[in-house]
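Asker: What follows is a predicted structure for the sequence shown.
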Amino acid sequence: MLTNAPRGTKDILPSQAGAWQWLEEKIREVCALYSYEEIRTPTFEHTELFKRGIGEGTDVVEKEMYTFTDRGERSITLRPENTASVVRAYLQNKLFANAGLVKLFYVGSMFRYDRPQAGRLREFHQFGVEALGEKNPAVDAEIILLAWEFLRSLGLTELKLKINTVGCPACRPIYRQKLTEYFTENADELCGDCRRRLEKNPMRILDCKVDALKDFMDDAPKIETCLCDDCREHFNALKKFLTAAGVEYEINPRLVRGLDYYTKTAFEIQYAPLGAQSAVAGGGRYDGLIKEIGGDDTPAVGFAAGLERILLALELQGLVPAQDKKISAFVVAGGAAAEAYAFKLLTDLRREKISAAMDFGRKSMKSQMKAAAKSGAKFALIVGEDEVASSSVTVKNLETSAQEKIPREKIFEKING
RNA sequence: GCGGUUGUGGUGAAGCGGUUAACACUCCGGAUUGUGGCUCCGGCACGCAUGGGUUCGAUCCCCAUCAAUCGCCCCA
């Protein structure tokens, strides 16, 4: 118990931290390239924000949130996603002032009480991007491009981009209604899950794996038939932009987002080899959210990507770059008499910005030399009684095995080559 | 939240109801004099996820718990 991290959490160990740093650098690179600026919002918010933003009936809000009452009797929730927080920050700090389109990105942990699996943790990390204040589908396309090119730039192949439109408050209810009617007629053929979905979110039935092959599925009403002009034009324009950019996509009428705030564009980038948790990035337009949270009616688009899933994919393809943790010099102290002299040398090296280490275990020189070799250092700096007495250092090049004793003051020169 | 599989040292892993839990790697120490990488020698689980139970006896059987993992669900 004491020595076990809570279920669904993971330590990022030194051996993995390098990969994370590298990934985060790549994130900052693309965002700079597309001119998105970083925003950091609190890890927790008022519970109400998520209930409003994500939607009361959603799984996330209904059964996956880490909610607690703080000592001031406030209901607080660990962010299950970051879009609602970004919108809140956008409104609270009036980022819309003197700006048309506000383009933001974030990286951080999110919390969802789910059953853990590979690629699904209770505390997980997302990189996300939000563009607030513009209804032009070109922004949808820009966001999708950013996500797509980012993943591609990591070296990932086998990526699939799926897009769909989920309509807007004007047309979605009509479609929903049609679907509900249609599936109610076929209710006895639906699986248990879908019968529940019938009430809650009939659009999800389209995505059911159990019922996928049943006959009535093919004849289910299609959203195209219900789209309002605005949504139809928006979707067509998006497709045009994507085609112009040369991105291959697949229209998947069954792609439905689980959060209530999505409107019009919905998209997902999948990496199939990941198995059940194959969605590596997903997002879409959420034109209604900002108003829902109390702002003016403002259009917006965004997406989020799961970092541990990306890392998993990168590992599968052997794309995680090896980390170089080598140091330049390793100080070897021969006997207790030389220890302080060695420590001084170590300190001076570091003051000269030369990465250095030494073994503090007071072990035999042999052991220290082994440690030196293992450290990957190019030089072993050996100091014993002789060197202390003559104020010198024996420098051994561990690659060539060449060794010479030089005056103490010449050491930086020697190492810096 | 539902169903399945799995759980042996730092790692990969063998093993079996019955006296010393293989093997490999890693790690640690050593092979005379202040020196690495090769080779050789030696050491490293009083314990087989945890807690119960069955049994003369359990790492091997049963139950529970915890965890990982696969699928569902959900999503990134």
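Answerer: On my side now, so go ahead. Numbers count the residues shown, from 1 in each chain, chains lettered A, B, ... in the order given.
Asker: and the residue of the stretch 151-300 of chain A nearest RNA strand B?
Answerer: A:Gly258 (0.8 Å; Cβ to the nearest atom of the strand). In this view, the C-beta of every residue, glycine as well, is placed from N, C-alpha and C.
Asker: what about the helix or strand that contains A:Ala342, near RNA strand B?
Answerer: For A:Ala342, the host element (DSSP states H and E) is helix A:339-351. No. On the criterion Cβ under 7 Å from any atom of the strand, helix A:339-351 is out of touch with RNA strand B, staying 10.1 Å away.
Asker: next structured bit after that helix?
Answerer: Later in the chain than helix A:339-351, the nearest helix or strand by DSSP H and E is strand A:356-358.
Asker: how about that following strand against RNA strand B, any contact?
Answerer: No. Using Cβ under 7 Å from any atom of the strand, we find that strand A:356-358 stays clear of RNA strand B, coming within 13.2 Å at best.
Asker: Show me what that strand pairs with in its sheet, parallel or antiparallel.
Answerer: strand A:329-333 (parallel) (DSSP bridges).
Asker: coming back round to it: what about the residue of the stretch 151-300 of chain A closest to RNA strand B, how many residues close to it?
Answerer: Residues near A:Gly258, counting by other Cβ atoms under 10 Å, number 14.
Asker: quick one: average pLDDT of the helix holding A:Ala342?
Answerer: The average pLDDT within helix A:339-351 is 96.
Asker: Tell me the residues on the stretch 1-150 of chain A that lie near RNA strand B, please.
Answerer: A:4, A:6-8, A:58-60, A:63-64, A:81, A:112, A:114-121, A:124, A:126.
Asker: Give me the subset of the residues you listed lying in helices.
Answerer: Among these, the ones falling in helices (DSSP state H) are A:Asp59, A:Val60, A:Lys63.
Asker: can you tell me which of those residues lies nearest to A:Ala380?
Answerer: A:Val60 (55.9 Å; Cβ to Cβ).
Asker: And for the host helix or strand of A:Asp386, what's in contact with it?
Answerer: According to DSSP H and E, A:Asp386 maps onto helix A:385-390. Contact with helix A:385-390 is made by A:Gly334, A:Gly335, A:Ala337, A:Ala338, A:Tyr341, A:Ser392, A:Val393, A:Thr394, A:Lys405, A:Arg408, as judged by Cβ atoms under 8 Å, 6 or more residues apart in numbering.
Asker: if you set the cut-off to 6 Å instead, what comes out?
Answerer: Under the criterion Cβ atoms under 6 Å, 6 or more residues apart in numbering, residues A:Ala337, A:Ala338, A:Tyr341, A:Val393 lie in contact with helix A:385-390.
Asker: Name the next helix or strand following it along the chain.
Answerer: strand A:392-397.
Asker: Just list what that next one packs against, helices and strands only.
Answerer: Applying 3 or more Cβ pairs under 6 Å, 6 or more residues apart in numbering; DSSP states H and E, one finds that strand A:392-397 contacts strand A:379-383, strand A:403-407.
Asker: Compare these and give me the one nearest A:Arg71.
Answerer: Comparing the helices and strands packed on strand A:392-397 by Cβ to Cβ, strand A:379-383 comes nearest, at 54.8 Å.
Asker: mind listing what A:Leu145 touches?
Answerer: For A:Leu145, counting by Cβ under 6 Å, 6+ apart, the contacting residues are A:Ala245.
Asker: got the phi/psi numbers for it?
Answerer: Dihedral angles of A:Leu145 (phi, psi; degrees, to the nearest 10) stand at phi -60, psi -40.
Asker: ok, A:Ser85 to A:Trp20 distance?
Answerer: 22 Å (Cβ to Cβ, to the nearest Å).
Asker: Confirm A:Leu238 sits in a helix?
Answerer: Yes. Membership of A:Leu238 in a helix is supported by DSSP: H, G, I helix; E, B strand; the rest coil.
Asker: mind checking how far the closest residue to it other than its chain neighbours is from RNA strand B?
Answerer: With Cβ to Cβ, 6 or more residues apart in numbering as the criterion, A:Leu238 has its nearest non-adjacent residue at 4.4 Å, and that residue is A:Pro137. Separation of A:Pro137 from RNA strand B (Cβ to the nearest atom of the strand, to the nearest Å): 20 Å.
Asker: got the contact list for A:Pro137?
Answerer: A:His234, A:Ala237, A:Leu238.
Asker: the more surrounded of A:Ser85 and A:Trp20?
Answerer: A:Ser85 (23 against 16).
Asker: dump the residue contacts of that one.
Answerer: Here A:Ser85 is in contact with A:Thr41, A:Glu45, A:Arg79 (criterion: Cβ under 6 Å, 6+ apart).
Asker: Just the closest of those to RNA strand B, please.
Answerer: Nearest member of those to RNA strand B, counting by Cβ to the nearest atom of the strand, is A:Arg79, at 12.2 Å.
Asker: Beyond the lengthiest helix in chain A, next helix or strand please.
Answerer: Secondary structure of chain A per DSSP H: the longest helix is helix A:14-33. Moving toward the C-terminus from helix A:14-33, the next helix or strand (DSSP H and E) is strand A:37-38.
Asker: Residues touching that following strand, excluding its own?
Answerer: Against strand A:37-38 from outside (Cβ under 6 Å, 6+ apart): A:Leu104, A:Phe105.
Asker: That one pairs with which strands?
Answerer: strand A:102-111 (parallel).
Asker: what does the partner strand rub up against?
Answerer: Contacts for strand A:102-111 (Cβ under 6 Å, 6+ apart): A:27, A:31, A:36-39, A:66, A:78-82, A:86, A:95, A:123-133.
Asker: Just the buried residues of the residues you listed.
Answerer: Buried members of the contacts of strand A:102-111, scored by 16 or more other Cβ atoms under 10 Å, are A:27, A:31, A:36, A:39, A:78-82, A:86, A:95, A:123-133.
Asker: mind saving the C-alpha coords of the helix or strand that A:Phe303 is a member of as PDB?
Answerer: A:Phe303 is part of strand A:300-306 when elements are defined by DSSP H and E. The C-alpha coordinates for strand A:300-306 follow below in PDB (Å, rounded to 0.1, in the frame of the first residue of the first chain):
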ATOM      1  CA  ALA A 300     -14.100  27.900 -31.300                       C
ATOM      2  CA  VAL A 301     -12.300  24.700 -32.300                       C
ATOM      3  CA  GLY A 302      -9.800  22.500 -30.600                       C
ATOM      4  CA  PHE A 303      -8.300  19.100 -30.100                       C
ATOM      5  CA  ALA A 304      -6.500  17.100 -27.500                       C
ATOM      6  CA  ALA A 305      -3.900  14.400 -27.800                       C
ATOM      7  CA  GLY A 306      -3.000  11.800 -25.300                       C
END
